[in-house]
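Undergrad: Test case, fold it:
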Amino acid sequence: MTRSPAAVLFTCLFAASALAAQTAAPATSGDTPSQNQTAAAPPVAFRAQVNLVLVDAVVTNNGAVVSGLDKDKFKLYQDGKLQQIRIFEEHKPEETTLSSVGVQLPPNTYSNFPQYNIAGAANVLLLDALNTPLSDQVYVRQQMLKYLKNIPPGTRIAVFTLASRLRIVEGFTTDSDVIAKALSGKGGPQQSSILDPDSDQQLSNQISDMSGLGGSQDVISSMQQFEADMTSFQTDVRVETTLDAMKQLARYLSVIPGRKNLIWFSGSFPLAIDPDSTLQDEFSGMRNYSDEVRQTDDMLSAARVAVYPVDARGLLTLPSVSAANSYTTTPAGVSAETSGMGGRGGKSGVRGSHTIGGGGGSSQPAAAAADRKFMAQTIQEHDSMRQIAEDTGGEAFMDTNGLKDAVAKAIGNGSHYYTIGYVPTLQKYDGAFHRIRLNVDGGAVAEYRRGYYADDPSKAAVDPQASLNAMNGAVARGAPPLADILFKVRVLPADDPSAKDVKLMPGLAGEQKDLKSPVKRFLIDYAVDPHPFAFTVAQDGSREAHVEFAVIGYDADGKRLNYTDKGMSFHLTQAMYDRIMQSGVPMHQEIDLPAGSIHLRIVVHDLNSGRVGSTELPLTVAKK
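TA: I've put the predicted structure just below:
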């Protein structure tokens, strides 16, 4: 059997991998094995994390950040019991530094080792197109460009977008021109097909028109039921996609030390949908996402990510007084002169509002119903923003058109914080939520995460759907790199002189059925740190792990050109296990790619733990 070229990478792998046996995530499936490959063991580093609990706190008094406090000013409680503070540090914006943690690699060799070493707070802008109408997205970007003109020197920012998936637009940088270019560039405003106010409005208009023209009440009720069911389904998809993106960000940011401020521009994100007594089946559309949101908040908190939700719609307007609506009869109590006042004049305040287009009938009942629905939705959405902010130690910004001021406050306050560490007096992995309360002397107010779940990582079951979602996110073009499993990989053209002894696979390499010739063969050789793998142990003491290796080639527009997905099962004696833990896991794959600019996505996924490591690299494939 030809020896895999991955062996040449092992010499330098574990000198660097000792830096980072400290992460966790979810992912999914694979094919079948080759025997000469092997793998490794459970997440040892994670087991000590509940012992020392870190709490990052921003302290303010009358809205101004309070600095210079000493440890004696703080009293920290877990589940109502006073705790002894073991670690106490104050972090200031001027102490923040950003450096690259580049590992020296041989030619054609890449890794997913974290690229940034950030001392102090790191700031992430998340532009949420999935939950934000298009007109509001444009306004958000305009406000951000204004903010960048006066950004404090040295502020570290990364930019992400969320539409059908999470995408990194620009990694951490202190160059405001680079950020401005990212905000103005190709990843510009997008209209989510799931959040389409115009489409929703058309159906609402049809229902209102039928009601105003004396249509059949049975038909109208059926259409209203359909509208409600469709809204609930769309909300399910939006919530799942949004929370998966938040978890992906938590995994990406978890390898960066210190506090991370996530400024999330979103138009709507409900915690629940209440029963609607006006429908035929008032409970069919009822939803409650509180548990899912709290699980995501806990993952963000564990990664020391504080979320600052910003309502991208600014000041909201009732549908009955929005300039976006037209009524045949002016709603009761609203004069023609005041109609449309209060917002920015866009469609921000229009969700499920009823516009009366034709003759007959008064618009007042429809307008009143639209206003009630709008107010109930807005209360739910703002409650969800407040909960996410409170759970993670951030702050929610709503009902303001000064979005740039909200960002300035979030970054300014979030970059000046205290880190407080304690060891709980009662230490046990009971799976329960342990509530944290932090008091500051002198009337100051602290923003901090409100607790954590004491789950035993060695016994945590992997949610198959969460694992699938994480893997789907990891293989997507432009997704942030993940470092839960560290690896190095050599990507070499098959015609390179150093690969002359490698016996190539026969036929086409890859699973893409419509791949057209001519193509060029590339050899993918891994060296993987197995420490994050979760092994099962048999009665005879042997160890077993199941790992997936995926390689996907995309063109510049994100179209998948070819892919290969290989699953490996490792059955190891104790001696083999000990050897692998010292030497690492080799793997060899091959893929054929057409000529052009290629974005090659490489992913390693431990199926037992759900952890994922991923990276993306550019390739230029010359024409033959």
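
Undergrad: Leu300 should be in a strand, yeah?
TA: No. When DSSP: H, G, I helix; E, B strand; the rest coil is applied, Leu300 is found to be helix, with no strand at that position.

Undergrad: Report the contact partners of it.
TA: By C-beta atoms under 8 Å, 6 or more residues apart in numbering, the contact set of Leu300 is Met246, Leu249, Ala250, Leu262, Val307, Asp391, Thr392. (Each C-beta comes from the backbone N, C-alpha and C, glycine too.)

Undergrad: try it again with 10 Å
TA: Neighbouring residues of Leu300 by C-beta atoms under 10 Å, 6 or more residues apart in numbering: 246-247, 249-250, 253-254, 260, 262, 306-307, 388, 391-394, 449.

Undergrad: repeat for Asn112
TA: With contacts defined as C-beta under 10 Å, 6+ apart, Asn112 is in contact with 20, 255, 481-489, 602-604, 612-616.

Undergrad: if you set the cut-off to 6 Å instead, what comes out?
TA: Pro481, Ala483, Gly613, Thr615 (C-beta atoms under 6 Å, 6 or more residues apart in numbering).

Undergrad: Kindly state the beta-bridge partners for the nearest residue to it once chain neighbours are set aside.
TA: Nearest residue to Asn112 in three dimensions, chain neighbours excluded: Thr615, at 4.0 Å (C-beta to C-beta, 6 or more residues apart in numbering). Beta-bridge partners for Thr615, by DSSP bridges, are Ile602.

Undergrad: hmm, back to that, most neighbours among the contacts of Leu300, which one is it?
TA: Thr392 (31 neighbours; other C-beta atoms under 10 Å).

Undergrad: Can you name the residues bridging to it?
TA: Residues in a beta bridge with Thr392, per DSSP bridges, are Arg449.

Undergrad: give me every residue that touches it.
TA: Residues near Thr392 by C-beta under 6 Å, 6+ apart: Asp297, Leu300, Ser301, Ala306, Val307, Arg449.

Undergrad: Ile388 now?
TA: Asp297, Val307, Pro309.

Undergrad: I'd like to know which of these are part of strands.
TA: In strands, defined here by DSSP state E, the members of the contacts of Ile388 are Val307, Pro309.

Undergrad: any weak-confidence spans in the protein?
TA: Counting by pLDDT under 70, the chain contains low-confidence residues at 1-50, 94-103, 116-120, 186-229, 231-232, 270-287, 315-366, 457-462.

Undergrad: quick one, domains of it?
TA: Domains of the chain are assigned by automatic domain parsing as 5-46+459-621, 50-92+417-453, 123-412.

Undergrad: Would you mind putting these into a markdown table with distance to Pro106 alongside?
TA: Shown next, in a markdown table, are the domains of the chain (distance: least, C-beta to C-beta, whole Å):
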| stretch | distance to Pro106 |
| --- | --- |
| domain 5-46+459-621 | 7 |
| domain 50-92+417-453 | 37 |
| domain 123-412 | 23 |
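
Undergrad: which one of those lies closest to Pro107?
TA: domain 5-46+459-621 (8.8 Å; C-beta to C-beta).

Undergrad: Mind exporting the C-alpha coordinates of the helix or strand hosting Leu262 to PDB?
TA: Per DSSP states H and E, Leu262 falls inside strand 260-266. What follows is strand 260-266, C-alpha atoms only, in PDB (Å, rounded to 0.1, in the frame of the first residue of the first chain):
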ATOM      1  CA  LYS A 260     -16.300  39.300  22.100                       C
ATOM      2  CA  ASN A 261     -19.000  41.900  21.300                       C
ATOM      3  CA  LEU A 262     -21.500  40.700  18.700                       C
ATOM      4  CA  ILE A 263     -23.500  43.600  17.400                       C
ATOM      5  CA  TRP A 264     -26.500  42.000  15.700                       C
ATOM      6  CA  PHE A 265     -28.600  44.100  13.300                       C
ATOM      7  CA  SER A 266     -32.000  42.400  12.900                       C
END
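
Undergrad: list the buried ones in it?
TA: Neighbour counts over strand 260-266 (16 or more other C-beta atoms under 10 Å) mark Lys260, Asn261, Leu262, Ile263, Trp264, Phe265, Ser266 as buried.

Undergrad: so who does the fourth one touch?
TA: If I follow you right, that is Ile263. Applying C-beta under 6 Å, 6+ apart to Ile263 gives the contacts Leu125, Tyr308, Val407, Ala410.

Undergrad: with the residues you listed in mind, which one is nearest to Tyr147?
TA: Nearest to Tyr147 among the contacts of Ile263, counting by C-beta to C-beta, is Val407 at 5.3 Å.

Undergrad: show me what contacts that closest one?
TA: The contact partners of Val407, taken as C-beta under 6 Å, 6+ apart, are Tyr147, Ile263.
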